[in-house]
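> next input, structure requested:
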Amino acid sequence: MGESKVWVVGHKNPDTDSICSAISYANLKNQITQSELYEPKRAGHLNEETQFVLKKAGLKAPEYIKDVRPQVKDIEIRRTKGINRDLSVRKAWELMKSLDVVTLPITEGENLEGLVTIGDVSKSYFEVFDSKILSTAHTSFTNIVETLKGTVVTGDVENNYVKGKLLIGVANPDILEEMIDEGDIVILGNRYEAQLCAIEMSAGCIVVCEGARVSNTISKIASDRGVIVISTEYDTYTVARLMNQAIPVSFFMKEREKLVGFKTRDYIEDIQDIMAKKRYRDFPIEDEEGKYVGMISRRNLLGAGKKNIILVDHNEKTQAVFGIDNAQIQEIIDHHRLGSIETITPVFFRNQPLGCTCTIVYKMYRENNIEISKTMALVMCSAILSDTLIFKSPTCTWEDEAAARDLAVIAGIDPESYGREMFRAGSNLSEKTDEEIFYQDFKRFSVNDTNIGVGQVNVMGMDEVKLLVERELNYIPNSTKSTGLDMTFLLVTDIMSEASYVICEGKNALQILKGAFNVENDDYPVLLKGVVSRKKQFLPAVIDEMQS
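Next comes the predicted model:
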């Protein structure tokens, strides 16, 4: 199965900390752990601010994942090699025995053409009573020679196929003349006159049994007339039994269009019912490009392994990538309140009341004596500056600022000027739709039996605040309908003035908002001076009001 992989992933609608903590923590784990490969992933699309950071750091965006349920590629796939459509049924049966399988894939290059099963092989022996079946199945003389373990006495068997029926030449020549048509295959013994009769009647091939010697005269006449002569040690009865086993597997195969198969990306949960209803032993697997990969059976599903996941910058199920209940959570690194994530087994959980997850990751680099590269320093410093609003947020601690300033020295940047440049890049929202802006940093929470969502957009200056609020006022009525939430809130935060304008939607949403912050005027949007943190200022106040 190769080296075990662990995905490090942040929350949906990722902000800069969610992406940067995944990148930097995966990098740390790869340096202190040798048994597994840690890969950063993302659970949503990047905002402009994060794109700016990754471009500055010279890094590609982590791969986007939308579902972490076990997939076909996570289970053991039997890598049964494909066979050629012209292979004989006999060879297919021998291959099944040697591989201990009951199904063989038929491929052309890397593409699946069909399947042949042990039942198809049995059919060739028990259910076929047509003397013309070899011709109908476009059987090659090469297959016949191979199946009979024969020797070609004369004639060209390469790229030559049966054109007539099969018969046993036990009658006298007079009767044989009435039975043999042009192109037939005639099974014979050592009788000279019968051999000659078959050749003179333009048989396509004569099979001489029991190792009987074929005279030079017969060989020459056959050669002159283009008749193939095959000699075999088998007796007439055995040859007659074996002949149908020379038929190519393509004649019996179930063609690709009629098969039930799956892709490596398919989810186990989605294919279980299909596999239970279809009474097939094996199912073919193809990759994203439609190339054949291998076979699986219902038994393989019993060993379906869960994806190994490390969660960063969140610990709430509503914020986690879809399918988290079906994943194996190994660790959680976070700086938020304890949420609703449940695990089957104990996990390493580091949760600290700091302003940024990357501050925790920075501390872990130092604790493990791992040198921080210039790239990782820029990544982690950017996240801290983003989450703490360049040290202005009430969530910012002395540890956050100390970490950011240390990282800034390593990265070779001035944190204040770089932070302003980063926020200006992030506040360029002209090319985004109102909906995209609303959900670019949006988190869901459950309070008692009420589901709420809180989005936040940081901008630089009041002109941008007014423009953005005007746009989102038009969109927010749709927010509860599209999300199924009871209430939604959007904070448009001006970093320069350290204030937020809040708009909301849902039954009692405005009443709760005003009650939470003791707002007595009727102004809307609601101005909350000094409120810049969703986590430490806005959400606790709203939750308290809802529970009071």
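
> rest of the way, CA atoms for contacts and neighbours
Noted.

> domain ranges for the chain?
Listed by automatic domain parsing, the domain ranges of the chain are 4-70+306-426, 74-124+251-301, 129-246, 434-547.

> switch these over to CSV; also include mean pLDDT and mean neighbour count.
Converted to CSV, the domains of the chain look like this (pLDDT from 0 to 100; neighbours: other C-alpha atoms under 10 Å):
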stretch, mean pLDDT, mean neighbour count
domain 4-70+306-426, 95, 20
domain 74-124+251-301, 91, 17
domain 129-246, 92, 19
domain 434-547, 92, 17
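
> all helices of the stretch 51-200 of the chain, in order?
Ranges of helices in the stretch 51-200 of the chain, per DSSP state H, counting those that start in this stretch, are 89-99, 118-126, 133-136, 141-147, 173-179, 192-200.

> again with the stretch 301-450 of the chain
So, for the stretch 301-450 of the chain - with DSSP H, counting those that start in this stretch - the helices run 357-367, 374-387, 398-411, 415-426, 434-439.

> ok, which of these comes nearest residue 112?
Closest of the helices of the stretch 301-450 of the chain to residue 112 is helix 434-439, at 41.5 Å (criterion: C-alpha to C-alpha).

> where is the longest strand in this protein?
Using DSSP state E, we find that the single longest strand of the chain is strand 450-459.

> just checking: what are the partner strands of that one?
Strand 450-459 has the following sheet partners, assigned by DSSP bridges: strand 442-447 (antiparallel), strand 487-494 (parallel).

> quick one: contacts of the helix or strand following that strand?
Counting by DSSP states H and E, the next helix or strand C-terminal to strand 450-459 is helix 462-475. Helix 462-475 is contacted from outside by 434-435, 438, 459, 492-494, 501, 503, 525, using C-alpha atoms under 8 Å, 6 or more residues apart in numbering.

> could you tell me how far the helix or strand just after helix 462-475 lies from the centre of the chain?
For helix 462-475, the succeeding helix or strand toward the C-terminus, using DSSP H and E, is helix 479-483. Remark: helix 479-483 is offset 30 Å from the chain centroid, using C-alpha atoms, centre = their mean, to the nearest Å.

> that older thread, and of the helices of the stretch 301-450 of the chain, who's closest to residue 62?
helix 374-387 (13.0 Å).

> then the closest one to PDB, C-alphas only?
C-alpha atoms of helix 374-387 as PDB (Å, rounded to 0.1, in the frame of the first residue of the first chain):
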ATOM      1  CA  LYS A 374      12.500  31.500   5.700                       C
ATOM      2  CA  THR A 375       9.400  30.200   3.800                       C
ATOM      3  CA  MET A 376       7.800  28.600   6.800                       C
ATOM      4  CA  ALA A 377       8.600  31.800   8.800                       C
ATOM      5  CA  LEU A 378       6.700  33.900   6.300                       C
ATOM      6  CA  VAL A 379       3.800  31.500   6.200                       C
ATOM      7  CA  MET A 380       3.400  31.400  10.000                       C
ATOM      8  CA  CYS A 381       4.000  35.200  10.500                       C
ATOM      9  CA  SER A 382       1.400  36.000   7.900                       C
ATOM     10  CA  ALA A 383      -1.200  33.900   9.700                       C
ATOM     11  CA  ILE A 384      -0.500  35.500  13.000                       C
ATOM     12  CA  LEU A 385      -0.700  39.000  11.500                       C
ATOM     13  CA  SER A 386      -4.000  38.100   9.800                       C
ATOM     14  CA  ASP A 387      -5.600  36.500  12.900                       C
END
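
> report the angle between it and helix 357-367.
Interaxial angle, helix 374-387 versus helix 357-367 (axes from the mean of the first three to the mean of the last three C-alpha atoms, to 10 degrees): 140 degrees.

> compute the inter-axis angle for helix 374-387 and helix 398-411.
Going by the same axes, to 10 degrees, helix 374-387 makes 140 degrees with helix 398-411.

> which secondary structure elements does the biggest helix by length in the chain contact?
For the chain, the longest helix by residue count, based on DSSP state H, is helix 16-32. In terms of contacts (3 or more C-alpha pairs under 8 Å, 6 or more residues apart in numbering; DSSP states H and E), helix 16-32 is packed against strand 4-9, strand 36-42, helix 48-57, strand 308-312, helix 357-367, helix 374-387.

> mind doing that once more with 7 Å?
strand 4-9, strand 36-42, strand 308-312, helix 357-367, helix 374-387 (3 or more C-alpha pairs under 7 Å, 6 or more residues apart in numbering; DSSP states H and E).

> now residue 432: how far from residue 426?
12 Å (C-alpha to C-alpha, to the nearest Å).

> same check on residue 467?
Separation of residue 467 from residue 426 (C-alpha to C-alpha): 15 Å.

> please apply the same query to residue 180.
Per C-alpha to C-alpha, residue 180 is found 87 Å from residue 426.

> same check on residue 222?
86 Å.

> can you tell me the SS state at the closest residue to residue 517 other than its chain neighbours?
Computed as C-alpha to C-alpha, 6 or more residues apart in numbering, the closest residue to residue 517 that is not its neighbour in sequence is residue 541, at 7.1 Å. The local conformation at residue 541, judged by DSSP: H, G, I helix; E, B strand; the rest coil, is helix.

> verify the stated contact: residue 541 with residue 516.
Yes. Contact criterion C-alpha atoms under 7 Å: residue 541 and residue 516 qualify, at 5.2 Å.

> what sits up against the helix or strand hosting residue 272?
Secondary structure assignment for residue 272, by DSSP H and E: helix 268-277. Outside helix 268-277, the residues that touch it by C-alpha atoms under 7 Å, 6 or more residues apart in numbering are 70-72, 298.

> so which elements touch the helix or strand that comes right after that helix?
Following helix 268-277 in sequence order, the next helix or strand is strand 283-286 (DSSP H and E). When contacts are defined as 3+ C-alpha pairs under 7 Å, 6+ apart, strand 283-286 sits against strand 262-263, strand 292-296.

> pull up the distance across stretch 273-288, start to finish.
With C-alpha to C-alpha as the measure, stretch 273-288 spans 22 Å from end to end.

> likewise stretch 216-234?
For stretch 216-234, the end-to-end distance is 21 Å (C-alpha to C-alpha).

> which non-adjacent residue is nearest residue 96?
With sequence-adjacent residues excluded and distances taken as C-alpha to C-alpha, 6+ apart, residue 96 is closest to residue 102, at 6.0 Å.

> the one you found reaches residue 95, doesn't it?
No. If you go by C-alpha under 7 Å, residue 102 and residue 95 don't touch, sitting 9.6 Å apart.

> can you list phi and psi of residue 65 for me?
phi -120, psi 140 (degrees, to the nearest 10).

> ugh, wrong one, I meant residue 251
The phi/psi pair for residue 251 (degrees, to the nearest 10) reads phi -70, psi -30.

> so what's residue 112 bridging to?
Per DSSP bridges, the residues bridged to residue 112 are residue 107.

> hmm, back to that, possible to save the strands paired with strand 450-459 as CSV with distance to residue 187?
Formatted as CSV, these follow (distance: least, C-alpha to C-alpha, whole Å):
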stretch, distance to residue 187
strand 442-447, 79
strand 487-494, 85
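
> for residue 385, find the nearest of those strands.
Shortest separation from residue 385 across the strands paired with strand 450-459 is recorded for strand 487-494, at 15.0 Å, computed as C-alpha to C-alpha.

> which is the next helix or strand following that closest one?
strand 499-505.

> that'll do, ta.
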